[in-house]
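1. Next come a sequence and a model predicted from it.
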Amino acid sequence: MADPIKQFEVHPLPGMSFGEVTLPVLGTQQIAITNSHLAMTAAFGLVVLFLFLVTSNAKVVPGRLQSAGETLFGMIDGVTDSIIGHEGRKYFPFVFTLFTLVLGMNLLGMFLTFTATSQLAVTLTLALVTILLVIGIGFVKHGLGFFLLFWPTSAPLAIRPVVGLIEFLSFLLRPVTLALRLFGNMLGGHIALKIFAGFVVSMGGLAAAGGLGLLGLPVAALSMGMVVGLTALEFLVAFLQAFVFAVLASIYLNDVVNLGHGH
């Protein structure tokens, strides 16, 4: 059976390695265009193409493609508006960009041998960009009052420092949990698919040999059923994880946009 982890290896594309460079802390790093770069660039290009096709010939009575685009647009607009409130429209472009990019990488990974969002470096980068934006907005809007986010006024005064410390540590862990949720779901799903697909091939080959090997036929059939079911589930997970990423980003933005007064 093929190694189910091999599909997640990052390697340079043929002829796209440009030598090495030594960096502080990171040590020697290879400069190259990798399969990860290709997958992310392809996902970005497909998202741009999709949005261009949706908006280039918009009609009063939308076709299927325009309806799909408007549905995604309206869904994320509803998320930012319901979570952030009247200022949600300001942050809609960022949240929508996150959603479409993650969704594009997730779905593209169903057709390629490499999934960009199965790389922790990719998901962690998206999470760090999100949390740095949240911190920046917090300081711009509230100055040092941003730290009130970690001072729970509803808690008894005696335990506020302890609760505040817990809130601060929880805030620092947000990009980690945000990254791990997306990374773990995509990694686990693709490993399961690869394992069951491997069973289909190996048991099918055993059954083709005849004799006692025919006992492998029911296993191959069951594995094929699991592959079909998991594939459908993975498409659903690809969408849900992009949506969850957008929802959590909106929640984090709401914390600082509406700090101290809710909405």
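-> In hand now; what should we look at?
2. what about A32, is that helix, strand or coil?
-> Using DSSP: H, G, I helix; E, B strand; the rest coil, the structure places A32 in strand.
3. how close does it sit to A43?
-> 19 Å (C-beta to C-beta, to the nearest Å). The way it works is simple: take the backbone N, C-alpha and C, and place the C-beta from them, glycine included.
4. When the two are compared, which one has more neighbours?
-> A43 (24 against 16; other C-beta atoms under 10 Å).
5. From D255, how far off is that one?
-> A43 is 29 Å from D255, by C-beta to C-beta.
6. can you check L236 too?
-> Distance from L236 to D255, by C-beta to C-beta: 29 Å.
7. Have a look at those two and say which one is more surrounded.
-> The neighbour comparison of L236 against D255 (other C-beta under 10 Å) goes to D255, with 17 against 9.
8. Isn't that one up against L149?
-> Yes - counting by C-beta atoms under 8 Å, D255 touches L149, with 6.1 Å between them.
9. which residues are common contacts for the two?
-> Both D255 and L149 lack any common contact, where contact means C-beta atoms under 8 Å, 6 or more residues apart in numbering.
10. Low-confidence regions, the stretch 151-263 of the chain specifically.
-> 207-216, 260-263 (pLDDT under 70).
11. In terms of secondary structure, what does the longest strand along the chain contact?
-> If you go by DSSP state E, the chain has its longest strand at strand 12-23. With contacts taken as 3 or more C-beta pairs under 8 Å, 6 or more residues apart in numbering; DSSP states H and E, strand 12-23 sits against strand 27-34, helix 35-56.
12. Go through these and pick out the most buried.
-> helix 35-56 (a mean of 15; mean count of other C-beta atoms under 10 Å).
13. what's the next secondary structure element after the top helix by length along the chain?
-> Ordering each helix of the chain by length in residues (DSSP state H) puts helix 160-208 first. Going down the chain from helix 160-208, the next helix or strand is helix 216-257, by DSSP states H and E.
14. now the angle from that following helix to helix 160-208?
-> 160 degrees (axes from the mean of the first three to the mean of the last three C-alpha atoms, to 10 degrees).
15. shaky segments in the stretch 1-150 of the chain?
-> 1-4, 26.
16. returning to that earlier point: for the helices and strands packed on strand 12-23, please prepare JSON lines with the additional fields distance to F96.
-> Shown next, in JSON lines, are those (distance: least, C-beta to C-beta, whole Å):
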{"stretch": "strand 27-34", "distance to F96": "27"}
{"stretch": "helix 35-56", "distance to F96": "10"}
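17. Can you tell me which of these is nearest to A221?
-> helix 35-56 (32.2 Å; C-beta to C-beta).
18. packing partners for the next helix-or-strand element following that closest one?
-> Where DSSP H and E defines the elements, the next helix or strand beyond helix 35-56 is helix 64-84. Applying 3+ C-beta pairs under 8 Å, 6+ apart, one finds that helix 64-84 contacts helix 35-56, helix 88-108, helix 216-257.
19. The first one versus helix 64-84: what angle between them?
-> Angle of helix 35-56 versus helix 64-84, following the same axes, to 10 degrees, is 100 degrees.
20. Same question for the last one.
-> Counting by the same axes, to 10 degrees, helix 216-257 lies at 50 degrees to helix 64-84.
21. ok, back up a step: which of the helices and strands packed on helix 64-84 sits closest to R160?
-> helix 216-257 (17.5 Å).
22. Remind me what that closest one packs against, helices and strands.
-> Checking 3+ C-beta pairs under 8 Å, 6+ apart, helix 216-257 ends up next to helix 64-84, helix 88-108, helix 120-142, helix 160-208.
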